[in-house]
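**Student:** Here is a sequence together with a model predicted from it:
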There are 2 protein chains.
Amino acid sequence: MENTSKTLDIKKATVKSFDNFFKSAFTVDNIIFGFDEADLKVLLIKRGEVPFENQWALPGNFVHQHENLDAAAGRVLDELTGLKKVYLEQVRTFGRVNRHPFGRVITVAYYSLIKISDYRLHASSIAQEVAWFSVEEVKELNLPFDHAEIFAACFNQLRLNIKRQPVGFELLPPKFTLTKLQHLYEAILEEKLDKRNFRKKILSMDLLIDLNELQAGVAHRPAKLFKFDPDRYKSLYEEEGFHFDISPTKNKKK
Amino acid sequence: MENTSKTLDIKKATVKSFDNFFKSAFTVDNIIFGFDEADLKVLLIKRGEVPFENQWALPGNFVHQHENLDAAAGRVLDELTGLKKVYLEQVRTFGRVNRHPFGRVITVAYYSLIKISDYRLHASSIAQEVAWFSVEEVKELNLPFDHAEIFAACFNQLRLNIKRQPVGFELLPPKFTLTKLQHLYEAILEEKLDKRNFRKKILSMDLLIDLNELQAGVAHRPAKLFKFDPDRYKSLYEEEGFHFDISPTKNKKK
DNA sequence: AGAATTAGTGTAAAAAGTACACTTTGTTAA
DNA sequence: TTAACAAAGTGTACTTTTTACACTAATTCT
């Protein structure tokens, strides 16, 4: 192969010009959702650094040179909560030229769904303090950078997603009651659902396993516990024509 | 304000450390869709540069320092077709560490919808040649980098989108027949639809204006021409509870 | 004038979505 | 022990949406 070195020369020359292209800092932001009894919550950090030091903001961090984007988003979560394997979804990339006061920073937004009972919060290099806020509180907070826009996009994406994918279970403990599940949907969709219609629909999908166990420690009739069956979902998903879909089950009372 | 300079010092120091973070080259790729009589087509370029010189690939380019992401995607399209105002949608960001052989390059994927009659193709700095390929051809082509994955994600996104947003009209000339519209949906959804059900559904949405004009130059009964009414759509969209939705209108013949 | 080609149209049956209220089962406190 | 409390659990009738399906109408071409 006598032209190998020639090819390498071309490559080297091109790599050089390639190196001359503008490069940008880039980050991931991770909107971490948890569900706590009745409320959908979001994890915010109190920033430990300028700009916007001491303000509540979305957790995020720079992406490392040899790190994939998903891994970076996972790392942000791990640093704050110690959780490693979680549901993670990329939402959109925000790159407005002046979105960061110190220079061009492009950020890839993710959301995560975690079981709120599992976590323990940590302060970290980027966060003086970490706390849960309800979705309503977050909306009213004046988040720095374009974080309000990022939050809105992620929440919206979650709402679309929960209707068409069985992702809600990521927010619940392994065993849950149908009422808890309904409350979760109501919190995310921000509307009341009809109890009987909701149960009819979710049970007819044949994705929940009745554990023949009752809720304990409540001062009223205990509810049955169910778990989600991911294998069953996978096999149904293979079938042509199966769609997870919680759209209607409406309730006239606004 | 005697502490201004102090603040600036802090900022300067922080900006300095900020500058030390790893920075990446980043690009946009733009999957340009057009609809040509019966087929959904995609615009590919023959690369004019290493790596993968002379191979067909998705059009893309580096994002400039002072350029927003959407603007960069628009510029790619403009360079290839001369079109400036088009429907553009961000899909997802691809940043696998080794997706580019010359170094870390993160790319934001977009798709565009254009009226195929409007364009004229240009070669450009990045493209020796530009040509339309049908979706099937693209799937069979062995696209370089992770372009096959990017294409699949964009096509999939378009399919989801066309069901729930009235974006199909971006691919058609201002005046079109119902049959053309149906063919467009069939091409994107990759399934046959029932003529009567399709018409019933689309007309019941009250988004099309009957132009009281007939198709010309066909060797059979001419069809009526319609146009899409974007203002009507906007006002319906404001109304609680209106959803554009072309889901079913199925046809048993597979 | 007849053949060819696509446009255009309605109805009935099935499936899905919606509204709605009372009984059951357990705990707690009198 | 019993009554009050609280949430669990359950079925049906009505409405709306979806689906399947086949013939007639309008135009051009030969």
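**Tutor:** It's in. Residues are numbered from 1 along each chain as shown, chains lettered A, B, ... in the order given.
**Student:** Tell me the strands beside whichever strand or helix holds A:Leu113, with direction?
**Tutor:** For A:Leu113, the host element (DSSP states H and E) is strand A:105-114. Strands that pair with strand A:105-114, judged by DSSP bridges, come out as strand A:23-36 (parallel), strand A:87-94 (antiparallel).
**Student:** any idea of the mean pLDDT for it?
**Tutor:** In this model, strand A:105-114 has an average pLDDT of 97.
**Student:** Which positions within it qualify as buried?
**Tutor:** A:105-114 (16 or more other Cβ atoms under 10 Å in any protein chain shown). Placement of C-beta: from N, CA and C, glycine included.
**Student:** Ok, stretch A:31-47 next?
**Tutor:** A:31-35, A:39-47.
**Student:** quick one, what contacts A:Thr27?
**Tutor:** Counting by Cβ atoms under 8 Å, 6 or more residues apart in numbering or on different chains, A:Thr27 touches A:60-63, A:105-108.
**Student:** let's see it at 7 Å
**Tutor:** A:60-63, A:105, A:107 (Cβ atoms under 7 Å, 6 or more residues apart in numbering or on different chains).
**Student:** and it, how far is that from A:Asp78?
**Tutor:** A:Thr27 sits 16 Å away from A:Asp78, going by Cβ to Cβ, to the nearest Å.
**Student:** Quickly find the element holding A:Ile188.
**Tutor:** Using DSSP H and E, A:Ile188 falls in helix A:178-189.
**Student:** Next SSE downstream of that helix?
**Tutor:** Counting by DSSP H and E, what follows helix A:178-189 is helix A:195-204.
**Student:** Which residues does that next one contact?
**Tutor:** Counting by Cβ under 7 Å, 6+ apart, A:178, A:181-182, A:208, A:246, A:249 sit against helix A:195-204.
**Student:** Of these, which is the nearest to A:Phe151?
**Tutor:** Checking these against A:Phe151 with Cβ to Cβ, the nearest one is A:Ile246 at 23.1 Å.
**Student:** Settle this for me: that closest one is touching A:Tyr185, isn't it.
**Tutor:** Yes: using Cβ atoms under 7 Å, A:Ile246 is in contact with A:Tyr185, at 6.3 Å.
**Student:** And the strands in the stretch 51-200 of chain A?
**Tutor:** Taking DSSP state E, counting those that start in this stretch as the test, the strands found in the stretch 51-200 of chain A are A:56-57, A:60-62, A:87-94, A:105-114, A:127-134.
**Student:** how much space is there between A:Val42 and A:Val138?
**Tutor:** Counting by Cβ to Cβ - A:Val42 and A:Val138 are separated by 5 Å.
**Student:** er, A:Gln165 I mean
**Tutor:** Counting by Cβ to Cβ, the gap from A:Gln165 to A:Val138 is 23 Å.
**Student:** Can you pick out the residue with more neighbours from these two?
**Tutor:** A:Val138 (23 against 17; other Cβ atoms under 10 Å in any protein chain shown).
**Student:** ok, now which ones touch the more buried one?
**Tutor:** A:Val138 neighbours (Cβ under 7 Å, 6+ apart): A:42, A:151.
**Student:** Kindly report the same for A:Phe52.
**Tutor:** A:Pro144.
**Student:** Repeat that for A:Ile150.
**Tutor:** A:29, A:58, A:94, A:109.
**Student:** Looking at those, which two lie furthest apart in space?
**Tutor:** So, the contacts of A:Ile150 by Cβ to Cβ: farthest apart are A:Leu58 and A:Phe94, at 10.8 Å.
**Student:** picking that back up, what's the closest of the contacts of A:Ile150 to A:Asn20?
**Tutor:** Distances from A:Asn20 to the contacts of A:Ile150, taken by Cβ to Cβ, are shortest for A:Phe94, at 25.6 Å.
**Student:** got the contact list for that closest one?
**Tutor:** A:107, A:109, A:146, A:150.
**Student:** Can you tell me who the closest residue to it other than its chain neighbours pairs with across the strands?
**Tutor:** Residue nearest to A:Phe94 in three dimensions, not counting chain neighbours: A:Thr107, with 5.2 Å by Cβ to Cβ, 6 or more residues apart in numbering or on different chains. Applying DSSP bridges to A:Thr107 gives these bridge partners: A:Thr27, A:Phe94.
**Student:** need the residues of chain A near DNA strand D, please.
**Tutor:** A:177-179, A:195-197, A:199-200, A:218-224 (Cβ under 7 Å from any atom of the strand).
**Student:** Mind giving me the PyMOL command for buried ones among these?
**Tutor:** Remark: buried members of those, expressed as a PyMOL selection using 16+ other Cβ under 10 Å:
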select buried, chain A and resi 177+178+199
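**Student:** So which of the residues of chain A next to DNA strand D reach DNA strand C?
**Tutor:** Among these, DNA strand C is touched by A:195-197, A:200, A:218-222 when using Cβ under 7 Å from any atom of the strand.
**Student:** Tell me the one of those residues nearest B:Asp229?
**Tutor:** A:Asn197 (34.8 Å).
**Student:** Domains in chain A, by residue range?
**Tutor:** A:25-163, A:173-238 (automatic domain parsing).
**Student:** mind listing what the nearest residue to A:Ile188 once chain neighbours are set aside touches?
**Tutor:** Nearest in space to A:Ile188, with sequence neighbours left out and distances taken as Cβ to Cβ, 6+ apart, is A:Ile162 at 5.2 Å. Neighbouring residues of A:Ile162 by Cβ under 7 Å, 6+ apart: A:168, A:185, A:188.
**Student:** As CSV, the residues you listed with distance to B:Gln90 would be great.
**Tutor:** As requested, the contacts of A:Ile162 are arranged in CSV below (distance: Cβ to Cβ, whole Å):
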residue, distance to B:Gln90
A:Gly168, 26
A:Tyr185, 28
A:Ile188, 23
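**Student:** Export these as TSV, with columns for pLDDT.
**Tutor:** Compiled in TSV, the contacts of A:Ile162 are given as follows (pLDDT from 0 to 100):
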residue	pLDDT
A:Gly168	96
A:Tyr185	97
A:Ile188	97
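**Student:** What is the neighbour count of A:Ser24?
**Tutor:** Based on other Cβ under 10 Å, the number of other residues close to A:Ser24 is 17.
**Student:** Could you do A:Glu140 as well?
**Tutor:** By other Cβ under 10 Å, neighbour count at A:Glu140 equals 8.
**Student:** Contact partners for it?
**Tutor:** A:Glu140 touches nothing, counting by Cβ under 7 Å, 6+ apart.
**Student:** interface residues of chain A facing chain B?
**Tutor:** Taking Cβ under 7 Å from any Cβ of the partner chain as the contact definition, chain A meets chain B at A:10-11, A:14-15, A:18, A:21-26, A:49-50, A:62, A:64-66, A:68-69, A:90, A:92-93, A:95-97, A:102-104, A:106, A:108.
**Student:** Perfect, that will be all.
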